[in-house]
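Asker: Can you look at this prediction? I've put the sequence above it.
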Amino acid sequence: MPSTATSSAGRPAWTPDSWRSRNALQQPNWPSDGTLESVLKHLSTVPPLVFAGEARALTADLARVSQGEAFLLQAGDCAESFDAFSADSIRERLRVILQMAVVLTYSAGVPAVKVGRIAGQFAKPRSSDTETVDGVELPSFRGHMVNDIDFDAEARVPDPRRLVQAYNQAASTLNLLRAFTKGGFADLTRVHQWNQEFVSASPQGRRYERLADEIDRAMRFMGACGIDPDSAPGIHEVDFYTSHEALVLGYEEALTRQDSLTGDWYDCSAHMVWIGERTRGLEDAHVEFFRGIANPVGCKVGPSMTPAELVDLCDLLNPGRVPGRLTLITRMGAEAIEEKLPPLLRAARAAGHPVVWTCDPMHGNTFTAPSGRKTRHFDAILAEIAGFFAAHRSEGTWPGGVHVELTGDDVTECLGGAEDILDGDLGLRYETMCDPRLNGRQSVDLAFRVAELLRGD
Ligand code: PEP
Ligand code: CO
C-alpha cells in the first residue's frame, strides 16, 4: 500500500500550478526583473504544439507496448541546439530513427512506436549549479532554453526570452516532422533512401541495404498476390511523436491546456514528457506537475530506486493503472542492471501496474575518457540492453523498448562500434552540447542487435 505521505488521495487538488507549492529542483536562477513573468504570460496564450487527441493516440500505442505487442523506440539528441538548427539536421535525425524502426519491425516482426527526443529537448539538469574553469566560476550551462554554452559570464546568465525561442523552434521542428512523416519521406517505398552515404559504405549500411531489398521484394510479392500496398496508409506515412524532459516547469505549465472534449489537462509542449533521474522525488514539484497532466508520461529510474518507492511513484503517476500512461525508463548502468531491475519488475507486477519498461543504456554508462572527453562505449550500451532483456526474460515481463541519444550525423562521440572509434578519434567530430551520441552507423548497428535480442537469437 502507498504511504499516505505519497498517495495522491492525501494531496490537495491538482492544478497546473500546484507544483509551485513544492520543491522544484534544477530550476534556473532567472533574473528577478519581471521578464520571466511576462514571457510565461505570453506563452500561456500561444497555440498548443500538439493536440490532446494525438497524446491519447500515443497512450493507445504505448498500451500495446505494455501488453507486449509493440516496441518503443525513443531517440534523439541529448540537448537540441538553437545554433545547429536546420531542415537538414531534423531530416537526418528522423532518417536514422526511421531506419532503426524499419530494422526492428522487419527483423523482429514487432511494430515500433516511434518517439523522438526532439522539438522541445532544450533543458538540461546539471550535477552542479556552477562550473569552474581555470579558477573562474560561472553558472552551469542548462540547455539553450535557459542560457548559452560559451564559457563567459554574459552567456551563462539565464535569459527568459529563450523560452519563447524554444517554443518557436519546437513549432517549426514539429511542422517539418509532420511534413516529412506524412508527406512522402517516410514512405516505405523509399526505404533505400534513408541510408545515408557514410552509413551505406559500412558493413551495417550494407546489411541495411540487404534488408531494404527484402522489403522491396515483400512489397512486390504482396502486389503479385493481389494485395495492394498502395491502399494501406501504414506504407506511405508513419506516426512520429515528440518528447522531452519537462524540466523547466514554468514553461510546461504555460503550455498546459484543458482539453475541450474531455476536460482533462494536457501539457501541449510535446506528446510525451518525462521526469529526469535528478528530479523524481515523490514529494517534489515535478512529480506533482506530472500527476495531473493526461499525456503519456515517463520517469527515469536509476540504481537508487527501491521497489517500495517505485510502487509509490506508479500509484502517484498512474493511480487508474491505465495501460500506456506510464513508461519507466531504466538507466542502471551495464554492471548493475541484472541485479537492480528484477526486484522492480516484480514489485510493479505485484501492485498491478501496467508499466511500459524501456531501457536507457546511455546515462548509466557515461565516463570521462583519458583525453578528457565525456563518452560511452558501444559495448557497454549493448551490454546494458542485453542485461535488460535478460532481466525481463527471467521475470516473464516484456522488454518494451530502448531510449537512446543519437544523431544522424557522422560524429565521433561514443567509443567502439564496428568502425571502432578510439579515444584518440573522439576529437575528430565531437559536436554534442551535452552527452555523447551514437552516430548514424552505430545507431543502425544497435537496431540490428536489438532486433536479434527481440527475436531471442
Ligand atoms: C537525459 O536523458 O539526457 C538525462 C539527463 O538523463 P537522466 O535524467 O537519466 O540522467
Ligand atoms: Co543525456
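Answerer: Alright, I've got the coordinates. No experiment lies behind these values; they were computed from the predicted model shown. Residues are numbered from 1 along each chain as shown. Ligands and ions are numbered 1, 2, ... in the order given.

Asker: what are the ranges of the strands in the stretch 1-150 of the chain?
Answerer: Applying DSSP state E, counting those that start in this stretch to the stretch 1-150 of the chain gives strands spanning 71-76, 112-117, 130-133, 136-139.

Asker: which helices and strands sit right next to the first one?
Answerer: When contacts are defined as 3 or more Cβ pairs under 8 Å, 6 or more residues apart in numbering; DSSP states H and E, strand 71-76 sits against helix 52-66, helix 87-108, strand 112-117, strand 356-359, strand 401-405. The C-beta positions use only the backbone N, C-alpha and C, and glycine is treated the same way.

Asker: and if you look at the last one?
Answerer: If contacts are counted by 3+ Cβ pairs under 8 Å, 6+ apart, strand 136-139 sits against strand 130-133.

Asker: Sheet partners, orientation included, of the strand it packs on?
Answerer: strand 136-139 (antiparallel) (DSSP bridges).

Asker: Redo the strands of the stretch 1-150 of the chain as CSV? Include mean neighbour count.
Answerer: Converted to CSV, those look like this (neighbours: other Cβ atoms under 10 Å):
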stretch, mean neighbour count
strand 71-76, 25
strand 112-117, 25
strand 130-133, 10
strand 136-139, 14
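
Asker: for the ones you listed, which one sits closest to ligand 2?
Answerer: strand 112-117 (8.7 Å; Cβ to the ion).

Asker: That closest one near ligand 1 anywhere?
Answerer: No - on the criterion Cβ under 6 Å from any ligand atom, strand 112-117 is out of touch with ligand 1, staying 7.4 Å away.

Asker: outside of that strand, which residues touch it?
Answerer: For strand 112-117, contacts defined as Cβ atoms under 8 Å, 6 or more residues apart in numbering pick out 58, 61-62, 64-65, 70-78, 93-94, 97-98, 100-101, 104-105, 177, 238-244, 271-272, 401, 405.

Asker: what residues are up against the closest residue to His236 other than its chain neighbours?
Answerer: Among residues not flanking His236 along the chain, Asp187 sits closest, at 4.9 Å (Cβ to Cβ, 6 or more residues apart in numbering). Applying Cβ under 8 Å, 6+ apart to Asp187 gives the contacts Ile235, His236, Glu237.

Asker: where do the helices sit along this protein?
Answerer: Secondary structure of the chain by DSSP state H: the helices cover 35-43, 52-66, 87-108, 161-182, 197-200, 203-224, 233-236, 249-254, 285-292, 307-317, 337-350, 378-395, 440-455.

Asker: Make TSV out of the ones you listed and add mean pLDDT, distance to ligand 1 and mean neighbour count.
Answerer: Formatted as TSV, the helices of the chain follow (pLDDT from 0 to 100; distance: least, Cβ to the nearest ligand atom, whole Å; neighbours: other Cβ atoms under 10 Å):
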stretch	mean pLDDT	distance to ligand 1	mean neighbour count
helix 35-43	98	23	15
helix 52-66	98	18	20
helix 87-108	95	15	21
helix 161-182	97	16	18
helix 197-200	80	24	17
helix 203-224	90	25	15
helix 233-236	80	30	13
helix 249-254	98	15	24
helix 285-292	98	11	23
helix 307-317	98	14	20
helix 337-350	98	14	18
helix 378-395	98	13	20
helix 440-455	96	16	22
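
Asker: so which of the ones you listed gets nearest ligand 2?
Answerer: Here helix 378-395 is closest among the helices of the chain (Cβ to the ion), at 12.8 Å.

Asker: Count the residues that sit near the closest residue to ligand 2 within the stretch 101-250 of the chain.
Answerer: The nearest approach of the stretch 101-250 of the chain to ligand 2 comes at Lys124, 7.5 Å away (Cβ to the ion). Lys124 has 21 neighbours, counted by other Cβ atoms under 10 Å.
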